[in-house]
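[1] Build me a model:
(chains A and B)
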Amino acid sequence: MPDPKSGEAVESTKRRRLLGLLGGGAAVSLAGCSDQEPSDGGDGSDGSDGSDGMDGDDGEDGEDEPQRTNADKAQAAWERAVANPLPEDEELRKEAYIEMEEAVRDDAAVIPLFHSFTERFWYDYVDVPVSGALGAHWQQYNTTTVEGQSELNLVNDTFDELDPIMSTDTASSRVITQLYENLTAFPNGVPVIENQLMSEYEVSEDGTTWTFTLRDDVQFHDGSQMTAQDVKYSWRRTVESENSERASFTLNQPVGLGIDAETDDDGNVVADSLAIEVIDDRTIEIQLVGPNPDVLDVIAYSSFSVIPQGYVGDIEGYDGEVTHQEFSTEVANGTGPFELDAFNVDEDVTVVRNDDYYGEVASVDAVNWEIIEDSQAAWTYALEQNADIFSVPTFAYEADAIDAEADDRGRQVGTYGPAGELNEEVNYVGVSEISTYYFAFNVSNTQRAARQAIAYVMNKDQIVQEVFAGRGTPAYSFLPPAIWPTGNDGYNQFLDAYPYSLGESDIEGARSVLDEAGITTDDPVDMTLTTYESQVFQTAGELVRDLISGTGVNLSLESSQFSTLQSRGEDGDLEMYSLGWIWSWPAVPYGMFQLEPLNTDTSSMPGETNGFYLDWQTRLEEEAE
Amino acid sequence: MSRWEYFIKRLLLTVPVLFSVLTFLFIMLRTGPIDPVAARLGPQAGAADRQQLRERLGLNDPLWEQYVDFITDFITFNFGQSWVVQAERDILDIAVGAAPATLWLGFWAILLPLFIGIPLGFYAGLNPNTFGDYAASLGGIIWQALPNFWLCVIALAVLRRTREGGELLGINWYTLGPDFAARDISITGTPALEWFSTTDVLMLPMPYVSDWTALAIDIKLILPPALILGSASMAAELRIGRTAMLETVNSKFVETAKAKGLPSRVIVWKHIFRNAMIPLLPVITSEAFLLIGGSVIVEQIFNINGLGRIFFQSLTQGDLPMAGALLFLFTLIILGLNILQDFLYTVIDPRVGYDQ
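    Model prediction:
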């Protein structure tokens, strides 16, 4: 499914206001995504032959210590992980990723602030599976039952497209999940991959040829049989259609599948050159540019949804049964448990049960989403029991009314209320999502001691409490706990070893690390924190500025437009800045690639490199393999 | 100059006004802080994509050519497509789709103050310095002082509490009139406006109300937001109505009428009322102007999918052509209302003209 609240800037501005209310920043997610242009070849290639990636041209290293730096350590670990992509090397990759985390932490190149925490409430007459860390927009409602009424009523945000290859936001994917399906899926948003339209798969020895066998009992809503041709057509659309917003997920590695394709002189994919071969009606084979351990995760992403061959004529060789404009808002023809009934943009969406669904046929006749942006209106709608599953806006939220316990996936499951205007007890789940919002530094513009001092004084628990009324998870690692390579125990070990005084503002710690580096109030350093327009980061920035003042670091705050922040980041013109990353699928490398030191070189951004704006440079003479 | 010449002159004067508005819009859109290409493509677009889009949007043409295109497009209502809010959809379609809800809201927001504010004001003017006068005037001032967004939030909170036990003055808003609770209708939302059909009368389609329940539901849905949206103008009408009434009551011709023995009913309705309407007219027509601006907040909080909300979205999301097109439409509406006001003036007050 589309990454939550992410998307191109245009999309995200739409949500910025909304998220402003939630205290987050929609825009952040695009930090990550923005760098994945189809044109950049992915850093899989320069990672696997690390030696020529390190050939001197980006060599102005800012640090003079002769020993192996943390950046070197991280670079070596990344290369080790990329060089060992096969399933049997999983342990080795896990260790490598944790090593990268440690290097980032020790250099304080990135200071994670929080993981977003979403809560979901539903009335007792609804029986809905508990959603997981990837978000409830992955949930298909065919297993949801509602007592005493034939429809399930929900609230959604505004969105304007139902084309899976255009969808980059949660709002549209809530609906698209009901209509269209993929070869694989994360049912209910729990980060465990399962087959959906696929019955089995095979992968070649070298990990580059994948053969998928499809289910033979799947029909589209119009009654036609789903075949391998449909899959090929749908996947071609992701790279050839001008409407596609996620071509990189098909073409790039390791931030996508990396299916082989020919490109013309302008960098566009040649029509029908994508290396997908239809073996027979039920079998399809793809050829990747290199081995990729995350294939099954990636193809669960909504842009890989299957639509009937030739349904839309936006790629070469097809006239299309419907125009693209009709396809984006008026008609849908997928394989999902619900069929599109009506979509009134900005008002409501209704989907009705697909009686011929191959899986469990839905018990409700229809699912209806009322589109409400305003939290007062949405809360009214929920209290009226017009919404069966809902969220509680911060102004009505009472943390004490929650009675929940952690389940085996770390989700808080239990009850909420009665509280305030809500007169009854409702069901509750709180999930820490797979996203990370962080402060980061351009390492070559800042001193390590100053960065560490900021890590010392930053009390993430307090910030989360103050800004979100506790509705966030303080972050201590870039990788969220839900996908920590060595599981919950491993994550706790990492927390135990956290060097910057976990859970408190340690001004003494900051002072001592600054003293060692010779930074005092008499000989201070100046640093500028640039945030985008986000209440969370601005408040956090103010707290940090006040705490660090008087220790020798003079932090000044500035806020800029999101796009300005990005282009300044790409120019290497930032010192400390705020951004976020939301995982579109729960794979560690989809996220970690941005911390590969060589990939953080801003002098070749945008284009060759697409990491964070860290300029976290390795010592070139110390090649680490 | 006769009053009709005056009217035509006013009509012609709207043309330069329209052009200045268009020019202003053009300058705002082209030189404003938002780069149309970035707003549309987002920062991950490559340089080639940007260049291609600049060319497609005509941003590489000479400025005067863009200006001429812009003016001709807008005058012919060819607004093009939305960039962000409802990407790729025709702006005119979007506006036409959202307009009925706003018109419905505006209609009631003008009607309610007319029938509450003016009678109250006239009552106060006819009975000056009585308890009734003080109560009406004070109530009006307080009502006007309350900001709309606050009223909206409070109204929603109060009304939704009437649902389960927390009845307000014994009234359960949900079951009052058409039963919302039984129909699972929210007190927020966009009115469906599907209560009329058309029938052919002498070959012309004539609308008539085909579903009275649906009409009642739509009226009930729109009453709270309309009352709030019209609150400021209701209070203004009350106060001006009172003053106008007082002034007219004490004028000489009323005294003359009284002296010649006209019954007071005739004096009030035939002589005082018409003259007191003159200062009220600009107040009423300029209300429509306030309603367009004010409906943004009311529509947002009551979740009404109308022009105000779309305007708000297009402004906050950098959808320049849509914001520009809506502003242009609003300008047209206001110019139209001004002309209507002048027309009514010439009808009500024969003395109107330039020369006097």
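[2] quick one: low-confidence parts of the stretch 151-300 of chain B?
    B:165-169, B:289-294 (pLDDT under 70).
[3] Residue of it closest to chain A, please.
    Closest approach of the stretch 151-300 of chain B to chain A (Cβ to the nearest Cβ) occurs at residue B:188, with a separation of 4.4 Å. Using the backbone N, CA and C atoms, a C-beta is placed for each residue, glycine as well.
[4] who touches that residue in this structure?
    Contacts for residue B:188 (Cβ atoms under 8 Å, 6 or more residues apart in numbering or on different chains) come out as A:372, A:377, A:380, A:381, B:156, B:301, B:302, B:303, B:304.
[5] Among those, name the ones in helices.
    Cross-referencing those against helices under DSSP state H gives A:377, A:380, A:381, B:156, B:301.
[6] follow-up on the earlier one: among the contacts of residue B:188, which one lies nearest to residue A:590?
    Nearest to residue A:590 out of the contacts of residue B:188 is residue A:372 (Cβ to Cβ; 32.0 Å).
[7] List the residues that contact the closest one.
    Counting by Cβ under 8 Å, 6+ apart, residue A:372 makes contact with A:155, A:156, A:157, A:378, A:381, B:188, B:303.
[8] Pull out the buried members of the residues you listed.
    Buried members of the contacts of residue A:372, counted by 16 or more other Cβ atoms under 10 Å in any protein chain shown: A:155, A:156, A:157, A:378, A:381, B:188, B:303.
[9] CSV for those residues, including distance to residue A:115?
    Output for those, formatted as CSV (distance: Cβ to Cβ, whole Å):
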residue, distance to residue A:115
A:155, 24
A:156, 23
A:157, 21
A:378, 24
A:381, 28
B:188, 32
B:303, 31
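[10] Now do the lengthiest strand in chain A, average pLDDT.
    Identified as the longest strand of chain A according to DSSP state E is strand A:110-122. Across strand A:110-122, pLDDT averages out at 93.
[11] packing partners for whichever helix or strand comes after that strand?
    Note on strand A:110-122: by DSSP states H and E, the next helix or strand toward the C-terminus is strand A:126-127. Strand A:126-127 makes packing contacts with strand A:145-146 when contacts are defined by 3 or more Cβ pairs under 8 Å, 6 or more residues apart in numbering or on different chains; DSSP states H and E.
[12] what's in contact with the strand it packs on?
    With contact meaning Cβ under 8 Å, 6+ apart, strand A:145-146 is reached by A:125, A:126, A:127, A:152, A:363, A:364, A:388.
[13] Same check on stretch A:538-550?
    Applying Cβ under 8 Å, 6+ apart, the set of residues contacting stretch A:538-550 is A:113, A:439, A:453-454, A:457-459, A:462-463, A:466-467, A:505, A:507, A:510, A:521, A:529, A:531, A:555-557, A:559, A:578.
[14] again with stretch B:232-248
    By Cβ under 8 Å, 6+ apart, the surrounding residues in contact with stretch B:232-248 are B:109-110, B:112-114, B:116-118, B:120-122, B:124-126, B:128, B:133, B:136-137, B:140-141, B:143-144, B:148, B:254, B:271-272, B:275-280, B:283-284, B:287, B:290-291, B:294.
[15] Just the buried subset of these, please.
    The neighbour-count criterion (16+ other Cβ under 10 Å) marks B:109-110, B:112-114, B:117-118, B:120-122, B:124-126, B:133, B:136-137, B:140, B:143, B:148, B:254, B:271-272, B:275-278, B:280, B:283-284, B:287, B:290-291, B:294 among the contacts of stretch B:232-248 as buried.
[16] Count the neighbours of residue B:251 for me.
    By other Cβ atoms under 10 Å in any protein chain shown, the residues close to residue B:251 number 13.
[17] Same check on residue A:195?
    By the measure other Cβ under 10 Å, the count of residues near residue A:195 is 17.
[18] One more: residue A:97?
    Neighbour count of residue A:97, defined by other Cβ under 10 Å: 24.
[19] same question, residue A:512
    Residues near residue A:512, counting by other Cβ under 10 Å: 14.
[20] what's the helix or strand for it?
    Secondary structure assignment for residue A:512, by DSSP H and E: helix A:507-516.
[21] Now, the contacts of residue A:372 that are in strands?
    Members of these lying in strands (criterion: DSSP E): A:155, A:156.
[22] so after the host helix or strand of residue B:283, what's the next helix or strand?
    Here residue B:283, judged by DSSP H and E, is contained in helix B:273-301. As assigned by DSSP H and E, the chain's next helix or strand after helix B:273-301 is helix B:307-316.
[23] Could you grab the helix/strand/coil label for residue B:134?
    Assigned with DSSP: H, G, I helix; E, B strand; the rest coil, residue B:134 falls in the helix class.
[24] Can you read off the pLDDT for it?
    Residue B:134 carries a pLDDT value of 91.
[25] Without its sequence neighbours, what residue ends up closest to residue A:120?
    Closest residue to residue A:120 apart from its sequence neighbours, by Cβ to Cβ, 6 or more residues apart in numbering or on different chains: residue A:429 at 5.1 Å.
[26] Just confirm that neighbour is within a helix.
    No: counting by three-state DSSP, one finds residue A:429 to be strand, located in no helix.
[27] okay, now it: neighbour count?
    Per other Cβ under 10 Å, the neighbour tally for residue A:429 reads 22.
[28] can you tell me the residue of the stretch 201-350 of chain B closest to chain A?
    residue B:303 (3.8 Å).
[29] That residue is in contact with residue B:191, isn't it?
    No: at 11.2 Å, residue B:303 does not count as touching residue B:191 under the criterion of Cβ atoms under 8 Å.
[30] what's in contact with the helix or strand following the helix holding residue A:512?
    Toward the C-terminus, helix A:507-516 is succeeded by strand A:525-532 as the next helix or strand (DSSP H and E). Contacting residues not belonging to strand A:525-532 are listed as A:25, A:27-28, A:439, A:446-447, A:450, A:519, A:537-538, A:541, A:544-545, A:552-562, A:565, A:568, A:574-579 [Cβ under 8 Å, 6+ apart].
[31] repeat that for 7 Å
    A:25, A:27, A:446-447, A:450, A:519, A:537-538, A:541, A:552-562, A:565, A:574-578 (Cβ atoms under 7 Å, 6 or more residues apart in numbering or on different chains).
[32] what inclination does the helix or strand that it is followed by have with respect to helix A:507-516?
    Counting by DSSP H and E, the next helix or strand C-terminal to strand A:525-532 is helix A:535-548. Orientation check (axes from the mean of the first three to the mean of the last three Cα atoms, to 10 degrees): helix A:535-548 against helix A:507-516 gives 70 degrees.
[33] Render the CA-only coordinates of stretch A:163-170 in CSV, please.
    In CSV, the C-alpha atoms belonging to stretch A:163-170 read as follows (Å, rounded to 0.1, in the frame of the first residue of the first chain):
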residue,chain,number,x,y,z
ASP,A,163,-5.7,4.5,-9.5
PRO,A,164,-3.2,2.3,-7.6
ILE,A,165,-0.2,3.7,-9.4
MET,A,166,-1.1,7.2,-8.5
SER,A,167,-2.0,6.6,-4.9
THR,A,168,0.7,7.8,-2.5
ASP,A,169,-1.5,8.6,0.5
THR,A,170,-3.2,6.7,3.2
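[34] So for that stretch, mean pLDDT?
    Averaging pLDDT along stretch A:163-170 yields 85.
[35] By neighbours, which of the ones in helices among the contacts of residue B:188 wins?
    The residue in the ones in helices among the contacts of residue B:188 with the most neighbours, by other Cβ under 10 Å, is residue A:380 (26 neighbours).
[36] Is there a neighbour count for the nearest residue to that residue once chain neighbours are set aside? I'd like the number.
    In space, and not counting its chain neighbours, residue A:380 is closest to residue B:160: 4.8 Å by Cβ to Cβ, 6+ apart. Counted with other Cβ under 10 Å, the neighbours of residue B:160 add up to 23.
[37] Find the helix or strand that residue B:160 is a member of.
    If you go by DSSP H and E, residue B:160 is part of helix B:148-161.
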